[in-house]
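Undergrad: Predicted model and sequence follow; I will ask about them next.
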Amino acid sequence: MTVSNVINDHPNVRETTREKVLKAMARLDYRVNVAARNLAKGRTGTIGLAVPELNSPYYSLLAAAIIGATERRGLRVSIEQAASRENELDALSLSRNRLYDGLILCAAGLGQADTERLRVDHPVVILGDRIFGGPVDHVAMPNLEASRAATRHLIERGCRRIAFLCGPVEEVDTSGLRLTGYRQALAEAGLPSDPALIQQVDRLGMRDGACRAREMADSGLDFDGVFCITDSLAMGVLRGLADTGIQAPDQVKVIGFDNVSESEFFIPSLSTVDPDHQGMAERAVDLLTRRIEQKKPAPDYEEFVGDFSLVIRESTGG
């Protein structure tokens, strides 16, 4: 009991006793058996994090923020790749078997029709935009406001034919929500929404952005600005424009979304939406640990939308 009190920094231990115990621990190279401690508590001290892509700049950035938030709470993170709806369902159903106390799921495949599949017997927080109003806490990107602000920035810089690059569009997903913000900004400025300027790609990576930029230029499409829903797409667009001899920002201005670290070092450096990754990670971990502490599930699920700012760099004339 005395050793336990010293390890847990109990205030009612005399300083001389504490020193003796610490010296004995050092001499014996004693380490706390975390597994035994967690077993006694009925917890593992580990949470799961499931993301669609491990090699994505955005998800790498987000994972780092979540790991930092959990470390400050004395927890560990086990990361897995859930690259499809089936993988996400597996992560939901198997996370208890993998000895996680709870799961943060960055949902890209699950949708509103999968709401009932979220009713599992362990805490889950959805981080992303695929499901609204489900039986779990949800931390979402500021998609509408941020996309409207990014498009408005291009308009303020003189753009009137703004292309929008995204993935396949659904009503409640990243592409759909950011498309709505884009259209709202055009409407506010009295500009038409030309369907030819809405360009969908299969993947949101640099290669896809570069290929589509070259196709847009070669087809003769009239555009003077591009809003991409990820920085990876936007960095690819800058490459594709350069390949066709189009100069950014003089001829076409480009803005992305995510503020990944690479965006600062492109030539030209990329203007982008900077969502509050740290704030969203902290809120997701806070919500999950709160649910883990509860004896039974509570019905008051929280819907949290993060903050954002615009980072103006060379690609829009900053």
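TA: Arrived safely, thanks for sending. Numbers count the residues shown, from 1 in each chain.
Undergrad: With just CA atoms, put stretch 255-268 into PDB.
TA: Backbone C-alpha positions of stretch 255-268 (Å, rounded to 0.1, in the frame of the first residue of the first chain) are rendered in PDB as follows:
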ATOM      1  CA  ILE A 255      -6.900  27.800 -53.000                       C
ATOM      2  CA  GLY A 256      -7.000  24.500 -51.100                       C
ATOM      3  CA  PHE A 257      -8.400  23.200 -47.800                       C
ATOM      4  CA  ASP A 258      -6.600  21.600 -44.800                       C
ATOM      5  CA  ASN A 259      -3.300  23.700 -44.500                       C
ATOM      6  CA  VAL A 260      -1.100  20.600 -44.500                       C
ATOM      7  CA  SER A 261       2.600  21.400 -43.900                       C
ATOM      8  CA  GLU A 262       3.600  20.800 -47.600                       C
ATOM      9  CA  SER A 263       1.300  23.600 -48.800                       C
ATOM     10  CA  GLU A 264       3.600  26.300 -47.400                       C
ATOM     11  CA  PHE A 265       6.600  25.000 -49.500                       C
ATOM     12  CA  PHE A 266       5.200  24.800 -53.000                       C
ATOM     13  CA  ILE A 267       6.100  27.300 -55.600                       C
ATOM     14  CA  PRO A 268       3.900  29.200 -55.500                       C
END
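Undergrad: for this protein, which helix is longest?
TA: Secondary structure of the chain read by DSSP state H shows that its longest helix is helix 277-293.
Undergrad: Tell me the buried residues in the helix or strand following that one?
TA: Going down the chain from helix 277-293, the next helix or strand is strand 303-305, by DSSP states H and E. Using 16 or more other Cβ atoms under 10 Å as the burial criterion, the residues of strand 303-305 that qualify are 304-305. The way it works is simple: take the backbone N, C-alpha and C, and place the C-beta from them, glycine included.
Undergrad: swap in stretch 169-181?
TA: Neighbour-count burial for stretch 169-181, with 16+ other Cβ under 10 Å as criterion, is recorded at 169, 173-181.
Undergrad: Likewise for stretch 238-256?
TA: Counting neighbours by 16+ other Cβ under 10 Å, stretch 238-256 gives 238-242, 246, 248-249, 252-256 as buried.
Undergrad: go on, stretch 87-100?
TA: So, applying 16+ other Cβ under 10 Å, buried residues of stretch 87-100: 87-89, 91-92, 95, 100.
Undergrad: Residue ranges of each domain in this protein, please.
TA: Domain ranges of the chain: 2-32, 40-140+276-306, 143-275, per automatic domain parsing.
Undergrad: Quick check: strands, which of the buried residues of stretch 238-256 are part of them?
TA: The strands, defined by DSSP state E, take in 253-256 from the buried residues of stretch 238-256.
Undergrad: returning to that earlier point: now, which of the buried residues of stretch 169-181 sits nearest Asp29?
TA: Within the buried residues of stretch 169-181, distances to Asp29 taken as Cβ to Cβ reach their minimum at Thr174, with 49.9 Å.
Undergrad: Which SSE is immediately downstream of the host helix or strand of Arg178?
TA: Using DSSP H and E, Arg178 falls within helix 174-188. Along the chain past helix 174-188, the next helix or strand (assigned with DSSP H and E) turns out to be strand 198-200.
Undergrad: elements contacting that next one?
TA: Contact analysis of strand 198-200 by 3 or more Cβ pairs under 8 Å, 6 or more residues apart in numbering; DSSP states H and E lists strand 162-166 as its packing neighbours.
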